[in-house]
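K.L.:
Okay, predicted coordinates and the sequence, questions at the end:
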Amino acid sequence: MRYSVVVTTEDGGSASVYSRYVDPRNARYERRWLGGIVDLGAYGGQTVEITFEALPGARDGAPGTWCGWGTPVLVDDTPADVADGR
């Protein structure tokens, strides 16, 4: 299964900013929720579209080939003085 995050800018350009292959069928330690972090700092101040993709394994619908995202959280860790323009 492939998880990816794609950012699309207002001018239509897009970039994959996260990609992770998971194989829970063969890797028992991947049979759980897995975390990931994506730095979107390069897109600060811009309006962007963020697409979360989850692509199943080669045998669509077969046991162990479905996948999905949990609850993505966006966090702004910009220091307050920078955000305020100081």
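P.N.:
Done, it's in. Numbers count the residues shown, from 1 in each chain.
K.L.:
Paired strands for the strand or helix carrying residue 8, with orientation please.
P.N.:
Using DSSP states H and E, residue 8 sits in strand 2-9. Counting by DSSP bridges, the strands paired with strand 2-9 are strand 14-21 (antiparallel), strand 48-55 (antiparallel).
K.L.:
Make CSV out of those and add distance to residue 32, mean neighbour count and mean pLDDT.
P.N.:
Placement of C-beta: from N, CA and C, glycine included. Shown next, in CSV, are those (distance: least, C-beta to C-beta, whole Å; neighbours: other C-beta atoms under 10 Å; pLDDT from 0 to 100):
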stretch, distance to residue 32, mean neighbour count, mean pLDDT
strand 14-21, 14, 13, 96
strand 48-55, 15, 13, 94
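K.L.:
Mind checking those strands for the one nearest to residue 35?
P.N.:
strand 14-21 (10.2 Å; C-beta to C-beta).
K.L.:
Distance from the closest one to the middle of the chain?
P.N.:
7 Å (C-alpha atoms, centre = their mean, to the nearest Å).
K.L.:
looking at the chain, which helix or strand is least sure?
P.N.:
helix 80-83 (a mean of 61; mean pLDDT, DSSP states H and E).
K.L.:
since we're on residue 5, how many residues are nearby?
P.N.:
19 (other C-beta atoms under 10 Å).
K.L.:
Show me what it bridges to in the sheet.
P.N.:
residue 18, residue 52.
K.L.:
Can you name the residues that contact it?
P.N.:
Residues in contact with residue 5, defined by C-beta atoms under 8 Å, 6 or more residues apart in numbering, are 16-19, 38, 50-53.
K.L.:
what's the closest of the strands paired with strand 2-9 to residue 30?
P.N.:
strand 14-21 (9.6 Å).
K.L.:
CA atoms of that closest one as CSV?
P.N.:
Extracted as CSV, the C-alpha positions of strand 14-21 are listed here (Å, rounded to 0.1, in the frame of the first residue of the first chain):
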residue,chain,number,x,y,z
SER,A,14,2.2,20.0,-7.7
ALA,A,15,4.7,18.2,-5.6
SER,A,16,4.7,15.0,-3.6
VAL,A,17,5.8,15.9,-0.1
TYR,A,18,5.3,12.5,1.5
SER,A,19,5.4,9.0,0.3
ARG,A,20,5.5,5.8,2.3
TYR,A,21,5.1,2.2,1.2
